[in-house]
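Peer 1: How does the following fold in three dimensions:
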Amino acid sequence: MPNTYKNPVYPYRRPPELDSGEVRHCPVVIVGAGPSGLAAAIDLARQGIESVVLDDNNTVSVGSRALCFAKRTLEIVDRLGCVEPMLEKGVTWQHGRVFFQEREVYDFNLLPEDGHRIPAFINLQQYYFEEYLVNRIHEFPAHIDLRWEQKVVEVDAQPERTAITVSTRDGDYRLTCDYLLVADGANSRIRDMLGLESRGQVFQDRFLIADVVMKADFPTERWFWFDPPFHPNQSVLLHKEPDNVWRIDFQLGWDADPEEEKKEENIRPRVQAMLGEEVEFELEWASVYTFRCRKMDSFIHHGVVFMGDAAHQVSPFGARGANGALQGVDNLVWKLARILKGQASAALLATYDDERQHGAAENILNSTRATDFITPKSRVSRLFRDVTLELAEHYPFARSLVNSGRLSMPCRYDGSPLNGPDAEGAPRELRPGSPAKDAPVRRDGEAAWLLNQLGDRFVLLLDGRMDEAGAAPLAAELDALLARQPDLDAVIIGPAPDALAALPRSRVVEDSEGLVGSRYGLTAGGGYLLRPDQHVAARWRAVTAAGVNDALARALGAHLAATATTTQGGRHATA
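Peer 2: Numbers count the residues shown, from 1 in each chain. Modelled structure (predicted):
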């Protein structure tokens, strides 16, 4: 098989603990240098928290694996400072087509509106994504200690701290930490060591992933076939990857032998039947997988926090695995940073479980429904699916019923205990708990983007297009608030009166195309409080300093902390 990508080999370094004989204590230890673990280390470093990252391998992902990166994930990676190589290398797409037997029944557009910096989706092999994250980690030598070929063989999780034993080629050593972040994959060894379970459903079907290298006329779109003539009674998915590689997923059925199906002599006839005898291709990589939709009942065990596939697992259809994992990291890290800095109680950490259990359940529900539609297991469900596809060709209402994998969408934390007040009549899609929407702005006379003004800290987004008389008393209140709240910045939509423009830790941006006002439903004096993960904490038609102060306290979990005591810089125990 050809290889369009050569895996880097990262060096093993003898850990200093073997020479000192000391048990080093760390604020955070991360197990697993995959997408979740690497992203968590970068995010922590950006917020001033040191971590040690341990991985038992010495390279990035082998095989393309996670492929489709959604807009929200790319916005998170943009905040982490490493989206540019992804956008440059990745295949950008937003259109898809659905076929039934020999004909196309409909197409769709995932981002029909303009005025966004980030595309709806890019396709990029997981190994590139991980390599870019590793490169970014090398920019934080003072905050991130990335250790390859270091295997965690023992975990002792106690209420106050966690101790681990790490095995290397030179011997074993021990670390202790306030928080152990576990991102060691779907078959997590640490989850097993602690006697914890991930429960759910295994779907009785098998799929073949075949990455093939070819020069083809297919557009850069997502094409999904139900019951095509080249693979009857089954389904097929086609995506383009970088390097002239194409991902093809073939449904095989539960009786298929995984080892036989991975052999090139058995893959080639399937691909040739799809592409035509005249098309030349080379097989790049292949894998056979079974769907699993499952999650842990709680992602937190004392100071051990599970992330990514270790915490929850979904089928590949809908691109919800890696995308959901990165949203989980985005949710976790800002909370953990503020706990470790003594700015919030340990009670805030429990909201990671609240909010991401909601996100995982949403992903599993969509993934399960997609799998049931793609692989009907009864005559009645097959009949429903086929009739739905027939109707979808002519009737728009039926297209919403077709499920070839509801593609990953940003999670909204409706009902979160951190959500503050809502503004009556404001756009529903930006209600508290929702991720912020991007829009073009101008800052200091230069073109910019709204989301790049948000994140890492709390931000008050204020429509400052007020007269001086109305702005002066509000500016005085906000000046005092910003002095009391060092974790709060202000982004003011201008042109703004001098009193607002002069506020400390504030920046004025112009709504260059009017999209901030229309997307956020802003009017003069109105505003939003945005969390460090760019999710809406609260919003008002008329901002007051007291209202912002209360919403900020709520977003930091102050109302949850009645039974918690805080210890500066260490594990926060309940009373």
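
Peer 1: Please report how far His302 lies from Ala542.
Peer 2: 44 Å (C-beta to C-beta, to the nearest Å). C-beta here means a position set from N, CA and C on the backbone, and glycine is covered the same way.

Peer 1: ok, the two, which is more surrounded?
Peer 2: His302 (16 against 13; other C-beta atoms under 10 Å).

Peer 1: Provide the secondary structure category for Glu154.
Peer 2: Reduced to three states with DSSP: H, G, I helix; E, B strand; the rest coil, the structure at Glu154 is strand.

Peer 1: close enough to count as contact, it and Arg189?
Peer 2: No. Glu154 lies out of contact with Arg189 (C-beta atoms under 8 Å); the separation is 10.5 Å.

Peer 1: These two - which one has more neighbours?
Peer 2: Legend: neighbour count by other C-beta under 10 Å for Glu154 and Arg189, higher for Arg189 (17 against 13).

Peer 1: so who does the more buried one touch?
Peer 2: Neighbour list for Arg189: Val152 [criterion: C-beta atoms under 8 Å, 6 or more residues apart in numbering].

Peer 1: Distance-wise, check it relative to Ala322.
Peer 2: From Arg189 over to Ala322 (counting by C-beta to C-beta), the distance is 20 Å.

Peer 1: and the helix or strand encompassing Leu283, what does it pack onto?
Peer 2: Using DSSP states H and E, the element containing Leu283 is strand 282-295. Secondary-structure packing of strand 282-295 (3 or more C-beta pairs under 8 Å, 6 or more residues apart in numbering; DSSP states H and E): strand 199-213, helix 264-275, strand 312-313, helix 350-374.

Peer 1: Repeat the analysis, applying 10 Å as the threshold.
Peer 2: Judged by 3 or more C-beta pairs under 10 Å, 6 or more residues apart in numbering; DSSP states H and E, the packing partners of strand 282-295 are strand 199-213, strand 245-251, helix 258-261, helix 264-275, helix 308-311, strand 312-313, helix 350-374.

Peer 1: Going by neighbour count, list what's buried in the longest one.
Peer 2: Counting neighbours by 16 or more other C-beta atoms under 10 Å, one finds that the buried residues in helix 350-374 are 350-360, 363-364, 366-368, 370-371, 373-374.

Peer 1: Point out where the stretch 301-450 of the chain drops to low pLDDT.
Peer 2: Within the stretch 301-450 of the chain, the stretches with pLDDT under 70 are 316-319, 405-408.

Peer 1: What ranges does it have for its helices?
Peer 2: If DSSP state H, counting those that start in this stretch is used as the criterion, the helices of the stretch 301-450 of the chain fall at 308-311, 321-340, 350-374, 379-392, 396-399.

Peer 1: Specify the angle between the longest one and strand 245-251 in degrees.
Peer 2: Between helix 350-374 and strand 245-251, the angle comes out at 70 degrees (axes from the mean of the first three to the mean of the last three C-alpha atoms, to 10 degrees).

Peer 1: Could you please name the strands the strand holding Leu283 pairs with and the direction of each pair?
Peer 2: The strands that strand 282-295 pairs with in its sheet are strand 199-213 (antiparallel), strand 312-313 (antiparallel) (by DSSP bridges).

Peer 1: Export the helices of the stretch 301-450 of the chain to CSV and append columns for distance to Pro35.
Peer 2: Shown next, in CSV, are those (distance: least, C-beta to C-beta, whole Å):
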stretch, distance to Pro35
helix 308-311, 7
helix 321-340, 5
helix 350-374, 15
helix 379-392, 33
helix 396-399, 32
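
Peer 1: out of these, which comes closest to Val279?
Peer 2: Each of the helices of the stretch 301-450 of the chain has some distance to Val279 by C-beta to C-beta; the shortest is helix 350-374, at 25.4 Å.

Peer 1: what angle sits between that closest one and helix 379-392?
Peer 2: Here helix 350-374 runs at 90 degrees with respect to helix 379-392, directions being taken by the same axes, to 10 degrees.

Peer 1: could you check the angle helix 321-340 makes with helix 350-374?
Peer 2: 170 degrees.

Peer 1: remind me which residues of this structure are low pLDDT?
Peer 2: Scanning the chain for pLDDT under 70 picks out the ranges 1-2, 316-319, 405-408, 562-575.
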